[in-house]
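Student: Okay, here's the prediction I keep looking at, along with the sequence it came from:
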Amino acid sequence: MSQSLLIALVAIPALTAVVLWALPVVTGERVAAIVGSIVSGLLLVGSVVLWWDMGRLHCPCTFVGTSTFGPLPRTLPGKLSPLVDIDVSWIPSLDVRFHLAIDGISMPLITLTTLLVFVCCVYSLKITPRIGRVRSLIALLLVIETGVIGTFAAADLVLFFVFFEVVLIPMWLVIDIWGDDHDRAGRRRAATTFVLMTVFGSALMLLGFLLIHRQTGTFDLAFLGQHPLKGGHGIPLAAAVLIAVGLAVKMPLWPLHIWLPDAHAKAPTVGSVLLAGVLLKLGSYGMIRILLPVLPDATATIAPYLAGFSVVAIIAGSLACLAQTDVKRLIAYSSVGHMGFIGLGIATMSPEGLNGALYANLAHGIITGLLFFLAGAIKDRHDTSDLRTIGRALYARLPRISGLLTYACLASLGLPGLAGFWGEMLILLGAYHPADWLPRSTFIVLMAIAGLGAVLTAAYFLRLIRDLCQGDPAEYPATAFAVDLSRIELVTFAPLVLLTVVLGLWPFTLLNEWWVV
Amino acid sequence: MTLTWTDWQAIAVPLVLAIGAVAVLLIDSFWKSASAELRHTVVTLLTSAVILFGLVFVWAQRGGFKPAFCRPAVEGPAECSFVFEPLTAGLWAVLLIGGLGVVGLSSYRLLAADVPIGEYHFLLLSALTGATVLAGARDLATLVIALEVVSLPSFAMVGLRRDRRGSEGAMKAFLVSVLSTAVMLFGISYLYGVTGSLYLTTVANRLSGLDPDLARVAFAAGLFVIVGFAFKIAAVPFHGWLPDTYVGAPVEVTTFLAVVSKSAGVAGLLVLVTTGIAPDGSHLRIVVAILAAVTMTVGNLAALRQVEAVRLLAWSSIGQVGFLLAPLAVGDAQAVVGYLAAYVVVTLGAFGAVAVVQRHRPAGLLTDYRGMVRSEPGLAAALIFFLVVLAGLPPGLAGLFTKFAAFQAVIDAHLGWLAIVMALNVMIGLAVYLRWVAELFRLPADDPFSVDIETPAVTMISLFAAVAAVLSVLPSVLFALGT
């Protein structure tokens, strides 16, 4: 049953998209959002059932997560240990198999994807970009869902690559068609930069996969996890560099992040949410799933550089945020900083760092999703996302929305008790205890700088709150027609708000699952 | 020399194609009483039947090995001029499918009325005869003659409409081709002088044992032969004739040039490489690899700036040839044939769609396609699919996996620099096709393209789309062709 559920999770979104496109235009436009909400809701239920089912079958009954009992096992999560497995021969002459498998690492990310797509579809029931064409928008969102779930579930390097690329053209269209309608040339440029940089990165990644295949004769991730490609220089190193660069474009790590601010700022709200919430995770997931388990020695060689670039990303992203005057661009740059934290966690090659990275992945998906929804809400009401034009004193004008914005900002800057805290804390801990074969002093310096970055994060978010929410209401009178939080917004934001608290107060369920793996 | 039964079997397909060519010419000239529609239909059916015979033959004999026109050699195995083997079967399948597609796209009401149909189909079948012989040729003389049999009818087809642009295109192609033949013959004469044989296997054997001075001559000779082929397949820097010729010819003829002529040239080059004229580790392979890198980069960069659909396809076909040359440079026949097959199917489809639009909007600009997802959803969906396959991205998995196989061949042969250039070109190529896709999606359009599409065009384009979709789901079919 689990197997058919997994196949359904991958196939149904794309099939629904095809059905939507096959409908006549008028009917399609009317029912698209409803159909999309129902289907993505069912998929969300399906993914939760699959997760529960998987946990029931393979109960991690030993409880080792709480660090008070003895030393932690220093095994790294990331190695694929398939709990649900589908393996079919596809192209024998190229050694390519249709191999899907999921475990405790991919399943939470798949659930995050189904959740965010569901939320986006429900949001589109009432709130859509001005240009309309809801049918195609929903269909493309569903195609993106197929691509992302497929990437998270792929257990064959080539299949991973294929699903990785499935996402590109739909996302390009989403930005190009439904993007910022004040800046036509800008949104085209943003979309094209996004798609071209990513496709070049993934082509480089493919070269890395082919090098692995040349050395080992297989693309199978489960097998490669058990029999990694040893050696820290020569071909394995070249493969690791190519794969790391390819994934770093997607993630994105400084200095390959240049596509990100434009793409996020110009995309429509649902596009930004998915871009930040799940697409960036493809990069970090790939590093955890492929780079570390398959090329351990070569990754150790490049890990200090990866950590260095990540820390530069944290600082550069935060400083860029301080200089932004556009709320969507600011949140986009904050993603650069947060993904830098995740990169640092991965580069420590320690259980704490990796678990932190995995946790931060989820937390960032939820919190940044919420932030982009709120930014979209503010933008819809003022027809601009420019901070100076919007003005201050949002607490008085839109009390609920600005309250939620403050909440999301606090979660994002890592306030203890909310989701953002655990990931960053664990990552810094991991940098304090990097793997034995990594230079510890370097990582401690990097940890200190990253800690400074966390302070900068607090600085820019507090500045955002001050510049946007606070201020004298008398100077910025409320516009008469601007409604505070509408019902549909309340419904769509609520799950994200709740999950932020749940992940903040109850991190151990997830962390245990990874620690045992 | 007497012809044996094996000889007859091996050349059955080219022979039937040649007989068919003469037959359609005679029918068209001596049956003037019938209406144009009836004549056109009969000629189309006859041509298709002849090509279908070839496909059935290939299918029936796909595993076979038939050396033909052999003579016992002084030492070693017999030398043969013509061999039907699995690789030949794969190439024939690609060439014949390409030919059949062009015939389908040239049915009544699709082909411009001022093109004489008898001559058109005669020339098409003649060129196919040459192409099939070329794919099986195993001696240099047969190779050259077969290549000429492909080329000469092609220029005649470009000039069939007898207007100024057509004549100019035909003239350019003709002059370039004559030049390239001369260059190639020059190279072949040197190869013969150095090795004393025209049979490819014997030439390859003797090349490996040459003393260094002669080896340098042989390298130059091989270079000339490759340059000759490079002219025919329009590899950069021998590509100057191609864009004008493509634009000057009727769209159906352009399709033929892009599909059949180009495949024939690649097939000839593949035969040369796999039979050992350019063995593993020889400098000639490096030359081909450099040719591949330059061709794909220049082709794609130039395509980036085109505003006419046919010109864009012309330049991007140069880019595609670059990608074909990459696995060719490392002698991976399976990857080459697979790539060729996918390229042929989607190029037929893309040109078919362009022909539909061009019949009603002769300017042929990319902006003519604006908003077609709404006004002509079926045609737009098919065209987008073809373009995505050409770019090599999902959902066009046929294109993705053939590019993948090319990458794999290059990486396995330790040509890292070529792989990086290819990765860059995947990016540039995507930019090329996305410009067009963006036009198709752009709404609202002032004057969207919407017409009653001719039934044969609908049939053919749906057929190509269906084949491309099947190949995307089961890419292993593509790679089974080359083995």
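Tutor: Here it is on my side, so go on. Numbering: from 1, shown residues only, chains lettered A, B, ... in the order given.
Student: now the residue of the stretch 251-400 of chain B found nearest chain A, what's its secondary structure?
Tutor: Shortest the stretch 251-400 of chain B-to-chain A distance, computed as CB to the nearest CB: residue-wise this is residue B:394, at 4.3 Å. Using the backbone N, CA and C atoms, a C-beta is placed for each residue, glycine as well. Secondary structure, DSSP: H, G, I helix; E, B strand; the rest coil: residue B:394 is coil.
Student: Identify the residues contacting it.
Tutor: By CB atoms under 8 Å, 6 or more residues apart in numbering or on different chains, the contact set of residue B:394 is A:147, A:162, A:163, A:165, A:166, A:169, B:388, B:400.
Student: Likewise for residue A:198?
Tutor: Residues in contact with residue A:198 (CB under 8 Å, 6+ apart) are A:168, A:249, A:250, A:259.
Student: which one of those residues is nearest chain B?
Tutor: So of those, ranked by how close each gets to chain B (CB to the nearest CB), first place is residue A:168, at 6.3 Å.
Student: Spit out the contact partners of that closest one.
Tutor: A:195, A:198, A:199, A:202, B:393.
Student: which phi and psi does it have?
Tutor: Dihedral pair for residue A:168: phi -60, psi -60, per degrees, to the nearest 10.
Student: And residue B:137, by the same measure?
Tutor: Phi and psi for residue B:137, reported as degrees, to the nearest 10, are phi -70, psi 140.
Student: ok, how many other residues are close to it?
Tutor: By other CB atoms under 10 Å in any protein chain shown, 26 other residues sit near residue B:137.
Student: Find me the pLDDT at the residue nearest to it when sequence neighbours are not counted, would you?
Tutor: Leaving aside its chain neighbours, residue B:137 sits nearest to residue B:143 (4.5 Å; criterion: CB to CB, 6 or more residues apart in numbering or on different chains). Listed pLDDT for residue B:143 reads 92.
Student: Leaving out sequence neighbours, find the closest residue to the residue in the stretch 1-150 of chain B that chain A sits nearest to.
Tutor: Across the stretch 1-150 of chain B, no residue is closer to chain A than residue B:90, which sits at 12.6 Å (CB to the nearest CB). Spatial nearest neighbour of residue B:90, excluding adjacent residues (CB to CB, 6+ apart): residue B:481 at 3.8 Å.
Student: Which residues are in contact with the one you found?
Tutor: Applying CB under 8 Å, 6+ apart, we find residue B:481 in contact with B:89, B:90, B:93, B:94, B:337, B:338, B:341.
Student: Tell me where the model's unsure across the chain.
Tutor: By default, I'm working from chain A. For chain A, applying pLDDT under 70 flags the ranges A:57-74, A:478-482, A:515-517.
Student: my bad, the chain I had in mind was chain B
Tutor: Applying pLDDT under 70 to chain B picks out residues B:1, B:483.
Student: Taking it, what residue is nearest to chain A?
Tutor: For chain B, CB to the nearest CB, closest residue to chain A: residue B:423, 3.6 Å.
Student: List the residues that contact that residue.
Tutor: Each residue near residue B:423 by CB under 8 Å, 6+ apart is listed here: A:200, A:203, A:204, A:206, A:207, B:407.
Student: For residue 6, pull up the helix or strand it's in.
Tutor: Picked chain A for this. Here residue A:6 sits within helix A:2-22, counting by DSSP states H and E.
Student: actually it's chain B I care about, not the one you picked
Tutor: helix B:5-10.
Student: Show the secondary-structure elements that that helix is packed against.
Tutor: strand B:66-71, strand B:79-84 (3 or more CB pairs under 8 Å, 6 or more residues apart in numbering or on different chains; DSSP states H and E).
Student: could you dump those strands to TSV with distance to chain A and mean neighbour count?
Tutor: Shown next, in TSV, are these (distance: least, CB to the nearest CB, whole Å; neighbours: other CB atoms under 10 Å in any protein chain shown):
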stretch	distance to chain A	mean neighbour count
strand B:66-71	24	18
strand B:79-84	22	22
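Student: and residue B:247, which of these is closest to it?
Tutor: Nearest to residue B:247, of all these, is strand B:79-84, at 36.4 Å by CB to CB.
Student: Using the three-state scheme, assign the residue nearest to residue B:137.
Tutor: Assigned by three-state DSSP, the conformation of residue B:143 is helix.
Student: which ones are touching it?
Tutor: Applying CB under 8 Å, 6+ apart, we find residue B:143 in contact with B:134, B:137, B:200, B:268, B:271, B:272.
Student: Buried members of the contacts of residue B:394 into PyMOL, please.
Tutor: The PyMOL command for the buried members of the contacts of residue B:394 (criterion: 16 or more other CB atoms under 10 Å in any protein chain shown) is given here:
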select buried, (chain A and resi 147+162+163+165+166+169) or (chain B and resi 388+400)
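Student: Between all of the contacts of residue B:394, which two are separated the most?
Tutor: Across these (CB to CB), the longest gap, 15.5 Å, separates A:163 and B:388.
Student: quick one on the thing from earlier: ok, and for the helix holding residue B:6, which residues are buried?
Tutor: B:6, B:7, B:10.
Student: ok, now stretch B:37-52?
Tutor: Going by neighbour count (16+ other CB under 10 Å), the buried part of stretch B:37-52 is B:39, B:40, B:42, B:43, B:44, B:46, B:47, B:48, B:50, B:51.
Student: name the element residue B:185 belongs to?
Tutor: For residue B:185, the element it lies in under DSSP H and E is helix B:164-195.
Student: list the helices and strands that helix packs on?
Tutor: helix B:140-158, helix B:200-208, helix B:212-233, helix B:242-248.
Student: Centre of the chain to that helix, how far?
Tutor: Centre-to-centre, helix B:164-195 and its host chain are 18 Å apart (CA atoms, centre = their mean, to the nearest Å).
Student: what's the angle from it to helix B:140-158?
Tutor: Angle, helix B:164-195 to helix B:140-158, by axes from the mean of the first three to the mean of the last three CA atoms, to 10 degrees: 180 degrees.
Student: Between helix B:200-208 and helix B:164-195, find me the angle.
Tutor: Angle of helix B:164-195 versus helix B:200-208, following the same axes, to 10 degrees, is 60 degrees.
Student: Which of the three states applies to the residue of chain A at minimum distance from chain B?
Tutor: Nearest residue of chain A to chain B: residue A:203, at 3.6 Å (CB to the nearest CB). Three-state call for residue A:203 (three-state DSSP): helix.
Student: contacting residues for it?
Tutor: A:246, B:422, B:423, B:424, B:426, B:427.
Student: now, the most widely separated pair of those residues?
Tutor: A:246 and B:422 (14.3 Å).
Student: thinking again about what came up before, residue A:434: which of the buried residues of stretch B:37-52 is nearest?
Tutor: Closest to residue A:434 out of the buried residues of stretch B:37-52 is residue B:51 (66.2 Å), distances taken as CB to CB.
Student: For the closest one, which non-adjacent residue is closest in space?
Tutor: Among residues not flanking residue B:51 along the chain, residue B:100 sits closest, at 4.7 Å (CB to CB, 6+ apart).
Student: give me every residue that touches the one you found.
Tutor: Counted by CB under 8 Å, 6+ apart, residue B:100 has contacts B:48, B:51, B:52, B:55.
Student: how about the second one, secondary structure?
Tutor: Each residue gets one of three states, and residue B:51 gets helix by three-state DSSP.
Student: Now that it has come up, it's in contact with residue B:93, right?
Tutor: No - counting by CB atoms under 8 Å, residue B:51 stays clear of residue B:93, with 11.0 Å between them.
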